[in-house]
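In: fold the following for me, if possible:
(one chain, ligands or ions: 1)
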Amino acid sequence: MADTKQIKLDAIAKQIVADKVTPDLAKTATQLVFGDGNPSAEVVLIGEAPGKNEDVQGKPFVGAAGQFLNDMLEMIGLKRQDVYITNIVKYRPPDNRDPFPEEKQAFLPYLESQLEVIQPLIIVTLGRHSLNCFLPDLQISQVHGQPKRYKGRIYLPMFHPAAALYNGAMRQTLIDDFALIPTVIKKINDKT
Ligand code: URA
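Out: Numbers count the residues shown, from 1 in each chain. Presented below is the predicted three-dimensional model:
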């Protein structure tokens, strides 16, 4: 099962390159940063776009924010290999600028395909870019830590780990929000 899913995910990654999605970003980036982790994960975490470290290593969340993410996963008894991690935009924007709306839009069909393959129980959106790709009318400051059911999926919005790295209060909020993940999963599993 996981193997079949991985094959399908690999095909989506190849398709992004073949379709020449965001050619300007592709030109300045080192490589595509498609996603990493368990293709049968119950939890998919979605960030914004790769940064410098991710661009070099070809994997999402491998820098300082990624280390914090790993720590928070460990706090709830999960490893990176248990979840699937990806970004909205899959090439590094130059100088880590915010991705443009049209860049986010261009990757959305591929992200949707990724989610179709993985079929997670919950989608954890990291930061406002990720939240607003799926739920455009919500404000991260108001809805973080609150599961939202929308079009058959359950989203759990959270602040971006990079924003919380040097902000003690936000860091604790993010840790508290992360701690909700097992409870949300259990509630879903109990209902189904
Ligand atoms: N920030 C993100 O949004 N994604 C990454 O992969 C790394 C940092």
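In: show the contacting residues for the most centrally placed residue in the chain.
Out: When the chain is reduced to its mean C-alpha position, the nearest residue by C-alpha atoms, centre = their mean turns out to be Ile46, at 1.1 Å. Counting by C-beta atoms under 8 Å, 6 or more residues apart in numbering, Ile46 makes contact with 85-88, 111, 123-126, 130, 133. Where you see a C-beta, it was placed from the backbone N, CA and C, and this is true even at glycine.
In: do Ile88 as well
Out: If you count contacts by C-beta under 8 Å, 6+ apart, then Ile88 has 46-49, 99, 104, 107-108, 111, 129-130, 133 around it.
In: 6 Å - rerun?
Out: With contact taken as C-beta atoms under 6 Å, 6 or more residues apart in numbering, Ile88 is in contact with 48, 104, 107, 129-130, 133.
In: show the pLDDT at it.
Out: Per-residue pLDDT puts Ile88 at 98.
In: what about it, distance to the ligand?
Out: 8 Å (C-beta to the nearest ligand atom, to the nearest Å).
In: and Thr173, by the same measure?
Out: Thr173 sits 18 Å away from the ligand, going by C-beta to the nearest ligand atom.
In: what number of residues lie near that residue?
Out: 17 (other C-beta atoms under 10 Å).
In: with Val124 instead?
Out: 26.
In: show me what contacts it?
Out: Per C-beta under 6 Å, 6+ apart, neighbours of Val124: 45, 156, 158.
In: if we use 8 Å, what do you get?
Out: Contacts of Val124 (C-beta under 8 Å, 6+ apart): 43-46, 155-158, 181.
In: can you count the residues close to the residue in the chain that the ligand sits nearest to?
Out: Nearest residue of the chain to the ligand (C-beta to the nearest ligand atom) works out as Gly47 at 2.9 Å. Using other C-beta under 10 Å, Gly47 has 27 other residues around it.
In: ok, now which ones touch it?
Out: With contact taken as C-beta under 8 Å, 6+ apart, Gly47 is in contact with 60-61, 65, 85-88, 126-127, 130, 160.
In: state the phi and psi torsions of the residue nearest to the centre of the chain.
Out: phi -120, psi 120 (degrees, to the nearest 10).
In: Ala64 contacts Ala163, correct?
Out: No. Contact criterion C-beta atoms under 8 Å: Ala64 and Ala163 do not qualify, at 11.8 Å.
In: ok, back up a step: the contacts of Ile88 in helices, which ones?
Out: 104, 107, 129-130, 133 (DSSP state H).
In: now the residues you listed as TSV including pLDDT and distance to the ligand?
Out: What follows is the ones in helices among the contacts of Ile88, written out as TSV (pLDDT from 0 to 100; distance: C-beta to the nearest ligand atom, whole Å):
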residue	pLDDT	distance to the ligand
Lys104	97	12
Phe107	98	13
His129	94	8
Ser130	97	8
Cys133	96	12
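In: and those residues as TSV, adding neighbour count?
Out: Converted to TSV, the ones in helices among the contacts of Ile88 look like this (neighbours: other C-beta atoms under 10 Å):
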residue	neighbour count
Lys104	21
Phe107	23
His129	21
Ser130	28
Cys133	20
